[in-house]
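[1] Kindly generate the corresponding structure for this input.
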Amino acid sequence: MIVRVLGQGQWILEVEDLEALDAVDQRLEEAVADEDLDAMRAALVELFDGVRERGTEVPDEVIAESDLVLPDPDASLDEVRALLDATSEYFGLLPDVAASDDSAEA
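    Residues are numbered from 1 along each chain as shown. Okay, here's the model as predicted:
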């Protein structure tokens, strides 16, 4: 999966990378629901750091469509809430890997 962080670049992540970042994604969603800007931004930074540490950066000269777009760590509550609403099939910003695996088996 290719993940774009707005204003930062793209990274290739494997399923196990998404699973490892799920707890951060849940904290992000809770922070937005609680309208806690500081907690939301901290979770965004942690999520971005996790993507950068776990993923393989896509070189700038390679043009690749992103499978997932994450907001910039400076995004507002409203911007992140809109992204969460747009990805309502997920639990948070990241795809729910377990649900995807279940649907593939059905």
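
[2] Summarise which helices and strands the helix or strand harbouring R27 is packed against.
    In this structure, R27 sits in helix 22-33 according to DSSP states H and E. Where contact means 3 or more C-beta pairs under 8 Å, 6 or more residues apart in numbering; DSSP states H and E, helix 22-33 is packed against helix 37-54, helix 77-86. Where you see a C-beta, it was placed from the backbone N, CA and C, and this is true even at glycine.

[3] for that helix, which positions count as buried?
    Within helix 22-33, the residues that count as buried by 16 or more other C-beta atoms under 10 Å are 22, 24-25, 27-29, 31-32.

[4] W11 falls within a helix, correct?
    No: assigned with DSSP: H, G, I helix; E, B strand; the rest coil, W11 falls outside any helix and is strand.

[5] That one and E19: what is the separation?
    In this view, W11 and E19 are 16 Å apart by C-beta to C-beta, to the nearest Å.

[6] The two: who's more crowded?
    Higher neighbour count among W11 and E19: W11, with 23 against 13, using other C-beta atoms under 10 Å.
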